[in-house]
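Engineer: Sequence plus predicted model, see below.
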Amino acid sequence: MEVDLTRLPDTDPIRAYRYRDGIYAGDLVTAALVHLDFFTWLAEHPSDLPAICRQFGFAATRPADVMMTLFAANGFVRSEDGMFHVTESGREALTAGSPWSLAPYYASLKDRPVTMDYLKVLATGKPAKWGSYDAGDWHKLMEDDAFARLFTTAMDCRGVLLGPAMAQKLDLSRFTRLVDIGGGSGIYACSLVANASHLSAVVFDQASVERIARRRVAELGYADRVEVVAGDMFRDPLPDDCDLHLFSNVLHDWDEPEVRELLAVSYRALKPGGMLILHDAFINADKTGPLPVAEYSAMLMHSTQGKCYSVGEYEALLTEAGFHTFTCQDTAADRGVMTALKS
């Protein structure tokens, strides 16, 4: 099927995206409500995130942060000066002793595999298996050619919408060459060059993805403007001739130390005066939503080493790396695009 990366669909597929992206959120609520009786304890002991982790034996703050962001986005809890409190609606629906408690209603779901996975992820800080794959977590599975092909194809199909929606929000008129870091099939690099006729690009991703990207770029008709290079973004140098860098749906797969490292790698390689583009799903600055993004973050926390980061978290990390002058705007399907400049 021919793909036109300069146009968007006539209808809004947001409901179909949200069913998939938020499919694990209910299991995280179930784990906290039924297995941990979390809301009953928090109602009696308003606490900050470290205290919550100590009480329940959570090994890392990342999964707990995702959990609390989801609960805040649902209105189950609120945060005041770093302390979490159960809201009135949370007390009525989710605490033991309330005549309206839904804990018995959720109890029949307590043995669902993903619900049980969340108990392990919270306890260890390590991701669970990806979907029905028993071989390991997503990061390890991507080293396998067959899985890399399956996953990259899955992500490519959403990029046919998300890529053009991102491209149409950006003014790239003063930039000439892009490197799409962890660029997968190349759909996002192709979307940007399709909407900026002066732009050329490099897709930079691991060896298991290179052949897939090269074929897809050719299918889309951009092989003359989009190069594909195999490399490890943590170990291998990025191309040094690019004044535009892109991380599209990449940083959300990693914990904060790795995100910090990748931003530093980008800053060093980006030409002076260049721009970094972050295309992702963003939590708002006070971590109260948006709810669909908080639900998507629950899936990422389950299956990867990452989460959806807040705009405030990204600004702090970008500033630390040396970037400045941030912009952020919505694109499509609960995603957005954030930019930062290098002096």
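Structural biologist: Ah, there it is.
Engineer: CA atoms for contacts and neighbours, from now on please.
Structural biologist: Noted.
Engineer: The nearest residue to residue 299 once chain neighbours are set aside: what's it in contact with?
Structural biologist: Taking CA to CA, 6 or more residues apart in numbering, and ignoring the residues beside it in sequence, residue 299 has residue 24 as its nearest neighbour in space, at 5.6 Å. Contacts were defined as CA atoms under 8 Å, 6 or more residues apart in numbering; by that measure residue 24 touches 114, 295, 298, 299.
Engineer: likewise residue 29?
Structural biologist: So residue 29 contacts residue 71 (CA under 8 Å, 6+ apart).
Engineer: ok, then the element right after the strand or helix carrying it?
Structural biologist: With elements taken from DSSP states H and E, the one containing residue 29 is helix 25-30. Sequence-wise, the next helix or strand downstream of helix 25-30 (DSSP H and E) is helix 38-44.
Engineer: on contacts alone, who are the packing partners of that following helix?
Structural biologist: If you count contacts as 3 or more CA pairs under 8 Å, 6 or more residues apart in numbering; DSSP states H and E, helix 38-44 packs onto strand 83-86, helix 88-94.
Engineer: To residue 247, which of those lies closest?
Structural biologist: strand 83-86 (32.3 Å; CA to CA).
Engineer: Which other helices and strands does the closest one contact?
Structural biologist: Packed against strand 83-86 by the contact rule (3+ CA pairs under 8 Å, 6+ apart) you find helix 38-44, strand 77-80.
Engineer: circling back: show me which pair in the contacts of residue 24 is furthest apart.
Structural biologist: In terms of CA to CA, these reach their longest pairwise distance at 114 and 295, which sit 13.9 Å apart.
Engineer: What are the boundaries of the helices in the stretch 201-343 of the chain?
Structural biologist: When assigned using DSSP state H, counting those that start in this stretch, the helices of the stretch 201-343 of the chain occupy the ranges 207-220, 256-269, 291-303, 311-321.
Engineer: so of those helices, which one's packed in deepest?
Structural biologist: The highest mean neighbour count among the helices of the stretch 201-343 of the chain belongs to helix 291-303 (a mean of 27), with neighbours defined as mean count of other CA atoms under 10 Å.
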